[in-house]
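Participant: need a structure here:
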Amino acid sequence: MKNQVQLITYVDRLGGGGLKELQALLTEGGALSGLFGGVHLLPFFHPIDGSDAGFDPIDHTQVDPRLGAWPDVQRLTQQLDVMGDVIVNHMSSQSPQFLDYAQHGDASPYAGLFLGLDDVFPNGAKESDLLAVYRPRPGMPCTVVPLGNGQKRLLWTTFTPSQLDINVLHPQGAAYLQGILQTFASNGIRMVRLDAVGYAIKKPGTSCFMLPETFDFISSFAAQARALGIEVLVEIHAYHQRQIEIARQVDWVYDFALPPLVLHALFFHTSAPLKRWLAMRPNNALTVLDTHDGIGIIDIGADASDRAGRPGLVPPAELDALVERIHANSGGSSRQATGAAASNLDLYQVNCTFYDALARNDAAYLLARAIQFFMPGVPQVYYVGLLAGENDMALLEKSGVGRDINRHHYTPAEIGAALQRPVVARLLDLIRLRNSHPAFAGQFSVANTADEQLLMRWQHGSETAELQADLRTATGRVLHTAADGRQQTLDLTA
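Facilitator: Numbering: from 1, shown residues only. Model prediction:
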């Protein structure tokens, strides 16, 4: 994976076109040409407009024809590193495999592909067994499914009734996932993100989330991917110590603690929790401030798993105040998209653009991005965040899906207008500096400053890049060596 900033985007929501149009935007002299070392294409499979915006694939190996076809993906991979999603845990209830199983039951060739309650609890499940299952969303983890032969089955549906969990340990489940990897590899994709993999293994008497057996499965799957020349990114929202454990066993993890910690630093004018995290966090991390999901809260909170009692990176009262501050900064719009206020919700996330979470304060937003870019790891920038996007209340009202508040459909005209904004122009300057400056290939350090200050530094030989941040005023600047050896300053005000 290149040590350069990556873009995360839906193919059709950045410019309103398909793969060819996105390639023209990112390369070939397009408006965003030369900005990114790679692009994470959020689900581009058939269909992109299911019940979960492509994360409920009917056919994981088919490009949605409205976006293009595999040759279009291949052409993009020739100019940028491309990451794709492997939705490990589930598939759509409209998939041909499930429709066949629903019609024929045990006589279906796909009978072993879908995970039933009895597969996990062959001796039956007690109330305490089901209540112990870690849930990302309200409700029970299973759905009653009628079959064509008149029988009914309780099938695992970790997320929604239209997303049927795969029995990843069954030969049919293993073959299904291997087929996805082979399709990706043959079309030039060299990085995959394992979506919802933390829920893939279920075991009686446990939380059914990130078990030792889950690590074994991830290790096995990653070995298959590496054999095909593919790196693996694991997506897990969990207690921060779990991320450290996971990072030891995989290629890449997300630093999901970073977004709320940056907000905490700016809201409470202290770098102390962020510095504590810097001292322990894994460096094989992709750093993010925003993604297609919400801003994680569980990632810096106390342990909510079966090992409860371990403290978080910030005190509970400050975590609660952080959430309320996001709601206040967004004028209450994030509250309308979070928790029980919207469907398709996640219990551990606040749905809001990062720009609105910071009350559309340009200086604070640029400082937050600078902190992200100076963290060890590879930065990813979400397409809405790239354009300093605001909460899309019209889309939220239309869909009723909370996360859509941060999934705006940008027209070419909107992209052009956004690129003229000073805050976006300065963000692009930061991206170019992060991509090209030799210091970021060197050694990282963070100075022992007062809590209201943060000083992060990279050095490679005589080349240096230093971020000086004043958290009390939410302002900062980047000092860096230039090609002629002189010191230059990038002021983080738009």
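
Participant: Per-residue pLDDT of Ala308, please?
Facilitator: At Ala308, the pLDDT value in this model is 58.

Participant: Could you find the closest non-adjacent residue to Leu67?
Facilitator: Computed as Cβ to Cβ, 6 or more residues apart in numbering, the closest residue to Leu67 that is not its neighbour in sequence is Gly18, at 4.2 Å. For every residue, glycine as well, the C-beta is placed using N, CA and C.

Participant: quick one: Ala482 from Ala450, how far?
Facilitator: Between Ala482 and Ala450 the distance is 29 Å, computed by Cβ to Cβ, to the nearest Å.

Participant: Break this structure down into its domains, please.
Facilitator: Listed by automatic domain parsing, the domain ranges of the chain are 6-88+170-440, 96-164, 444-491.

Participant: Identify the spatial nearest neighbour of the residue minimising distance to the centre of the chain, chain neighbours not counted.
Facilitator: The residue lying closest to the centre of the chain (Cα atoms, centre = their mean) is Thr291, at 4.9 Å. Nearest non-adjacent residue to Thr291, counting by Cβ to Cβ, 6+ apart: Tyr382, 5.5 Å away.

Participant: which SS class is Leu454?
Facilitator: strand (DSSP: H, G, I helix; E, B strand; the rest coil).

Participant: so what's it up against?
Facilitator: For Leu454, the contact set (Cβ atoms under 8 Å, 6 or more residues apart in numbering) comprises 265, 271, 274-275, 371, 446, 467-469, 471, 476.

Participant: How many neighbouring residues does the residue nearest to Thr291 have?
Facilitator: As a burial measure, Tyr382 scores 23 neighbours (other Cβ atoms under 10 Å).

Participant: Could you verify my assumption that it touches Thr9?
Facilitator: Yes. If you go by Cβ atoms under 8 Å, Tyr382 and Thr9 touch, sitting 7.4 Å apart.

Participant: For the stretch 151-300 of the chain, just list every one of the helices.
Facilitator: Counting by DSSP state H, counting those that start in this stretch, the stretch 151-300 of the chain has helices at residues 171-186, 212-227, 240-247, 258-268, 272-280.

Participant: in the second one, what counts as buried?
Facilitator: Buried positions in helix 212-227, judged by neighbour count with 16 or more other Cβ atoms under 10 Å: 214-215, 217-218, 221-222, 225.

Participant: Which residues does that helix contact?
Facilitator: Outside helix 212-227, the residues that touch it by Cβ under 8 Å, 6+ apart are 88, 168-169, 177-178, 181, 192, 194, 197-198, 200-201, 203, 231-232, 234, 246, 249-251.

Participant: thinking again about what came up before, out of the domains of the chain, which is the most enclosed?
Facilitator: Sort the domains of the chain by mean neighbour count, taking mean count of other Cβ atoms under 10 Å, and domain 6-88+170-440 sits at the top with a mean of 20.

Participant: now that one, how far from the centre of its chain.
Facilitator: Relative to its parent chain, domain 6-88+170-440 has a centroid offset of 2 Å by Cα atoms, centre = their mean, to the nearest Å.

Participant: Could you tell me the end-to-end distance of it?
Facilitator: Domain 6-88+170-440 has an end-to-end distance of 15 Å (Cα to Cα, to the nearest Å).

Participant: Pull the contacting residues for the nearest residue to Glu390 once chain neighbours are set aside.
Facilitator: Spatial nearest neighbour of Glu390, excluding adjacent residues (Cβ to Cβ, 6+ apart): Asp356 at 5.6 Å. Contacts for Asp356 (Cβ under 8 Å, 6+ apart) come out as 329-330, 333-334, 390-391.

Participant: could I get those as CSV with secondary structure, pLDDT and distance to Pro109?
Facilitator: CSV is the format used below for the contacts of Asp356 (DSSP: H, G, I helix; E, B strand; the rest coil; pLDDT from 0 to 100; distance: Cβ to Cβ, whole Å):
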residue, secondary structure, pLDDT, distance to Pro109
Asn329, helix, 98, 53
Ser330, coil, 97, 49
Ser333, helix, 95, 48
Ser334, helix, 94, 46
Glu390, coil, 98, 49
Asn391, coil, 97, 46
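
Participant: circling back to that earlier point, could you dump the buried residues of helix 212-227 into JSON lines and include distance to Arg407 and pLDDT?
Facilitator: Shown next, in JSON lines, are these (distance: Cβ to Cβ, whole Å; pLDDT from 0 to 100):
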{"residue": "Thr214", "distance to Arg407": "28", "pLDDT": "93"}
{"residue": "Phe215", "distance to Arg407": "31", "pLDDT": "90"}
{"residue": "Phe217", "distance to Arg407": "30", "pLDDT": "94"}
{"residue": "Ile218", "distance to Arg407": "28", "pLDDT": "92"}
{"residue": "Phe221", "distance to Arg407": "28", "pLDDT": "94"}
{"residue": "Ala222", "distance to Arg407": "29", "pLDDT": "92"}
{"residue": "Ala225", "distance to Arg407": "27", "pLDDT": "95"}
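
Participant: Just name the closest of those residues to Ala31, please.
Facilitator: Ala225 (33.0 Å; Cβ to Cβ).

Participant: Now do the closest residue to His237 other than its chain neighbours, the pLDDT please.
Facilitator: Nearest non-adjacent residue to His237, counting by Cβ to Cβ, 6+ apart: Gly296, 5.0 Å away. As predicted, Gly296 sits at a pLDDT of 90.

Participant: what's the answer for the one 3 residues further on, then?
Facilitator: Asp299 carries a pLDDT score of 91 in this model.

Participant: So what sits opposite the residue nearest to His237 in the bridge?
Facilitator: Per DSSP bridges, the residues bridged to Gly296 are Gln349.

Participant: List the contacts of it.
Facilitator: Applying Cβ under 8 Å, 6+ apart to Gly296 gives the contacts 237, 256-257, 259-260, 348-349.

Participant: ok, now with 6 Å
Facilitator: By Cβ atoms under 6 Å, 6 or more residues apart in numbering, the contact set of Gly296 is 237, 256, 349.

Participant: wait, Gln97 sits on Tyr110?
Facilitator: Yes. Contact criterion Cβ atoms under 6 Å: Gln97 and Tyr110 qualify, at 4.3 Å.

Participant: quick check, His40 in a helix?
Facilitator: No. His40 is assigned strand when assessed by three-state DSSP, not a helix.

Participant: Surely it and Tyr10 touch.
Facilitator: No. With contact defined as Cβ under 6 Å, His40 does not reach Tyr10; the gap is 10.1 Å.

Participant: Put the alpha carbons of the one helix or strand Leu367 maps to into PDB.
Facilitator: In this assignment (DSSP states H and E), Leu367 forms part of helix 362-374. Extracted in PDB, the C-alpha atoms of helix 362-374 (Å, rounded to 0.1, in the frame of the first residue of the first chain):
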ATOM      1  CA  ASP A 362     -12.600  26.100   8.800                       C
ATOM      2  CA  ALA A 363      -9.500  26.500  10.900                       C
ATOM      3  CA  ALA A 364     -10.500  23.700  13.300                       C
ATOM      4  CA  TYR A 365     -11.400  21.400  10.400                       C
ATOM      5  CA  LEU A 366      -8.000  22.000   8.700                       C
ATOM      6  CA  LEU A 367      -6.200  21.400  12.000                       C
ATOM      7  CA  ALA A 368      -8.100  18.100  12.500                       C
ATOM      8  CA  ARG A 369      -7.000  17.000   9.000                       C
ATOM      9  CA  ALA A 370      -3.400  18.000   9.700                       C
ATOM     10  CA  ILE A 371      -3.500  15.900  12.900                       C
ATOM     11  CA  GLN A 372      -4.800  13.000  10.800                       C
ATOM     12  CA  PHE A 373      -2.100  13.300   8.200                       C
ATOM     13  CA  PHE A 374       0.700  13.500  10.800                       C
END
